[in-house]
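Novice: Coordinates only, no sequence provided:
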Ligand SMILES: Nc1ncnc2c1ncn2[C@@H]1O[C@H](COP(=O)(O)OS(=O)(=O)O)[C@@H](OP(=O)(O)O)[C@H]1O
Ligand SMILES: Nc1ncnc2c1ncn2[C@@H]1O[C@H](COP(=O)(O)OP(=O)(O)O)[C@@H](O)[C@H]1O
């Protein structure tokens, strides 16, 4: 392939990978074997955030085609076939998942000495089409990306970016969310072997005046320790003269755990995120900011900070996900009671209940579930902004939609709780008789029976309960309350929080 610029997806990728993947400690074990016929077999076991996953991957190369087949713990089979040089400098990638029939995707990549172009489309009627293009050299590249939904005939995204890559550093700027956000990142390798690096990222969302600064330093050193901390700055980060930064609590500098990578290598990761929400940027009564065409954001002088101080807690979202019958609603109620007993204000958005009113127009088809989750995510965000601890208990079977709800909130304020209860236990409980009806074919598309559930891979809390209901419910609620307490949500002033992994 050519020696031109990378793909649009490569802009800012190195910094993003370091900032996101290295935050949670994970343990990965993999074995690869190669047969004489050219078939490679790799088995991987991963423990991430308390969740275990395993997969088996086979790879077979034949002429200009590479066949990859991956089978994961949920028995999902992902097949990817990559054809190189079907036309000069062109690569075609076809992928599909079984049993998800609608997951087929075709991607065509074209590489030129000064350009790289990709086009991706789902293999179905009225697909989403994604087109990206980059121009430049391996050192400097300019790129743009657009997504088009052929069913609604609307653009789902248009983003642009620029990146500069040097042997020891790379910098990038991405204008995303249809021009509503800008992200600038810089990564500097601290040694020739590229085992240590410092990364900085500044993110601003214009419509919400939200700013995030993330600094990360990754060092390969013999003395080991890891700590993670975040600092919230508010109000008025947007106006730098009003910036208030308090990193007074030295707790976050103490090593809080060990991180292991590979066989015997030990590394020190020092992690600090600084998060700012400047909804109160103007704080002048009646002042408005134009954000999008004819829609104007109206600021109010009473801010989230003010509301939080009033009730001495921090607004956040506890997102409880799991199969029907896994105990989501029971935990939500037990948690709400435990918080009430401590004088803390919470509110439950339960899937079943919300579907009686706000979402009574939605079915259990994939797109309606997505809309159900999106609406609850937006409402939960408003509750959190009100300073309330919002407990959302929904099956929310798809990782993508849960991630979208997470992205609505400031870092750390979305706390995902996975009810890790096996299907056979939920089915044995069957309090509403729904599993029985689903097995009898009376309910179609029932989660866990004939509709998928994707367990979280990196959630904050995993709950497994096999004991008697009453004692375990209060213990489970206590796990969540302790998390909130340790991370500063049960008081208004949470200046520095220590998220150790
Ligand atoms: N087809 C199908 N699949 C799953 N669940 C079904 C279905 N039909 C009805 N129910 C009942 O609806 C409740 C789940 O609603 P949610 O809003 O949480 O679901 S989702 O997040 O949109 O997937 C769920 O409640 P819980 O048992 O409390 O989870 C079920 O009682
Ligand atoms: N920790 C537990 N141990 C045993 N049974 C439980 C536990 N939590 C909930 N249950 C029971 O399981 C059933 C389903 O609980 P529910 O909270 O309604 O789940 P979901 O909201 O996920 O559908 C109910 O009958 C409930 O009493």
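Specialist: In hand now; what should we look at? Predicted model, so just to flag it, every value in this text is computed and none were measured. Ligands and ions are numbered 1, 2, ... in the order given.
Novice: Tell me which residues touch residue 359, please.
Specialist: By C-beta atoms under 8 Å, 6 or more residues apart in numbering, the contact list for residue 359 reads 371-372, 375-376. Yep, even glycine has a C-beta here, placed from its N, CA and C like the rest.
Novice: so which of those is the most crowded?
Specialist: residue 376 (26 neighbours; other C-beta atoms under 10 Å).
Novice: Doesn't that one lie inside a helix?
Specialist: Yes. Checked against DSSP: H, G, I helix; E, B strand; the rest coil, residue 376 lies within a helix.
Novice: how far away is it from residue 425?
Specialist: 25 Å (C-beta to C-beta, to the nearest Å).
Novice: about what we covered before: kindly reformat the contacts of residue 359 as TSV containing pLDDT and distance to residue 407.
Specialist: Shown next, in TSV, are the contacts of residue 359 (pLDDT from 0 to 100; distance: C-beta to C-beta, whole Å):
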residue	pLDDT	distance to residue 407
371	97	16
372	98	17
375	98	15
376	98	14
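Novice: closest to residue 75 among those residues?
Specialist: residue 372 (25.9 Å; C-beta to C-beta).
Novice: wait, what's in contact with the closest one?
Specialist: Contacts of residue 372 by C-beta under 8 Å, 6+ apart are 351, 354-355, 359, 362, 394.
Novice: Please identify which pair of those lies farthest apart.
Specialist: 362 and 394, at 11.7 Å, using C-beta to C-beta across the contacts of residue 372.
Novice: Looking at those two, which is more packed in?
Specialist: Set side by side, residue 362 and residue 394 show more neighbours around residue 394, with 28 against 17, by other C-beta under 10 Å.
Novice: Who are the contact partners of the nearest residue to that one once chain neighbours are set aside?
Specialist: Nearest non-adjacent residue to residue 394, counting by C-beta to C-beta, 6 or more residues apart in numbering: residue 351, 3.8 Å away. Applying C-beta under 8 Å, 6+ apart, one finds that residue 351 lies in contact with 328, 372, 376, 393-396.
Novice: distance of residue 351 from residue 388?
Specialist: Relative to residue 388, and taking C-beta to C-beta, residue 351 is found at 18 Å.
Novice: Now the protein against ligand 1: closest residue?
Specialist: residue 351 (2.3 Å; C-beta to the nearest ligand atom).
Novice: I'd assumed residue 104 was in contact with residue 120.
Specialist: No. In this structure residue 120 lies outside contact range of residue 104 using C-beta atoms under 8 Å: 11.5 Å.
Novice: Surely residue 344 is in a helix?
Specialist: No. Counting by three-state DSSP, residue 344 is not part of a helix but coil.
Novice: And the residue lying closest to it once chain neighbours are set aside, how far from residue 474?
Specialist: Among residues not flanking residue 344 along the chain, residue 313 sits closest, at 5.2 Å (C-beta to C-beta, 6+ apart). For residue 313, the distance to residue 474 equals 20 Å [C-beta to C-beta].
Novice: Equivalent analysis for residue 176, please.
Specialist: 43 Å.
Novice: Look at the two and report which has more neighbours.
Specialist: Using other C-beta under 10 Å, the more surrounded residue of residue 176 and residue 474 is residue 176, with 18 against 13.
Novice: Secondary structure element holding residue 215?
Specialist: Element membership of residue 215 [criterion: DSSP states H and E] is strand 210-219.
Novice: residues in this structure within reach of ligand 1, list them.
Specialist: Selection of the chain residues close to ligand 1 by C-beta under 6 Å from any ligand atom yields 324-325, 328-329, 351-352, 355, 364, 369, 372-373, 394-397, 432, 434, 443, 445-447, 451.
Novice: ok, which of those residues also contact ligand 2?
Specialist: Within the residues of the chain next to ligand 1, those near ligand 2 by C-beta under 6 Å from any ligand atom are 324-325, 328-329.
Novice: most neighbours, which of those?
Specialist: residue 328 (26 neighbours).
Novice: pretty sure that residue is in contact with residue 319, am I right?
Specialist: No. Between residue 328 and residue 319 there is no contact under C-beta under 8 Å: 10.0 Å.
Novice: who touches both of those two?
Specialist: By C-beta under 8 Å, 6+ apart, the residues touching both residue 328 and residue 319 are residue 394.
Novice: Quick one: the strands in the stretch 301-450 of the chain, in order.
Specialist: Here the stretch 301-450 of the chain has its strands, by DSSP state E, counting those that start in this stretch, at 316-321, 346-350, 389-393, 414-419.
Novice: likewise the stretch 101-250 of the chain?
Specialist: Under DSSP E, counting those that start in this stretch, the stretch 101-250 of the chain gives strands at 105-112, 115-122, 128-136, 140-149, 154-166, 169-176, 181-189, 197-205, 210-219, 226-233.
Novice: mind giving me TSV with the ones you listed and columns for mean pLDDT?
Specialist: Formatted as TSV, the strands of the stretch 101-250 of the chain follow (pLDDT from 0 to 100):
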stretch	mean pLDDT
strand 105-112	85
strand 115-122	88
strand 128-136	91
strand 140-149	91
strand 154-166	90
strand 169-176	93
strand 181-189	90
strand 197-205	83
strand 210-219	72
strand 226-233	30
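Novice: and of those, who's closest to ligand 2?
Specialist: strand 226-233 (30.2 Å).
Novice: is it true that residue 381 touches residue 316?
Specialist: No. Contact criterion C-beta under 8 Å: residue 381 and residue 316 do not qualify, at 10.2 Å.
Novice: So these two - more neighbours on which side?
Specialist: Shown here are residue 381 and residue 316; by other C-beta under 10 Å, residue 316 has more neighbours (26 against 20).
Novice: Report pLDDT for the residue positioned nearest the centre of the chain.
Specialist: Nearest to the centroid of the C-alpha atoms of the chain, with distances taken as C-alpha atoms, centre = their mean, sits residue 403, at 4.1 Å. On the pLDDT scale, residue 403 is placed at 96.
Novice: coming back round to it: want to try JSON lines for the strands of the stretch 101-250 of the chain, with distance to residue 60 as columns?
Specialist: Listed next are those as JSON lines, based on distance: least, C-beta to C-beta, whole Å:
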{"stretch": "strand 105-112", "distance to residue 60": "20"}
{"stretch": "strand 115-122", "distance to residue 60": "24"}
{"stretch": "strand 128-136", "distance to residue 60": "27"}
{"stretch": "strand 140-149", "distance to residue 60": "32"}
{"stretch": "strand 154-166", "distance to residue 60": "33"}
{"stretch": "strand 169-176", "distance to residue 60": "34"}
{"stretch": "strand 181-189", "distance to residue 60": "35"}
{"stretch": "strand 197-205", "distance to residue 60": "35"}
{"stretch": "strand 210-219", "distance to residue 60": "35"}
{"stretch": "strand 226-233", "distance to residue 60": "39"}
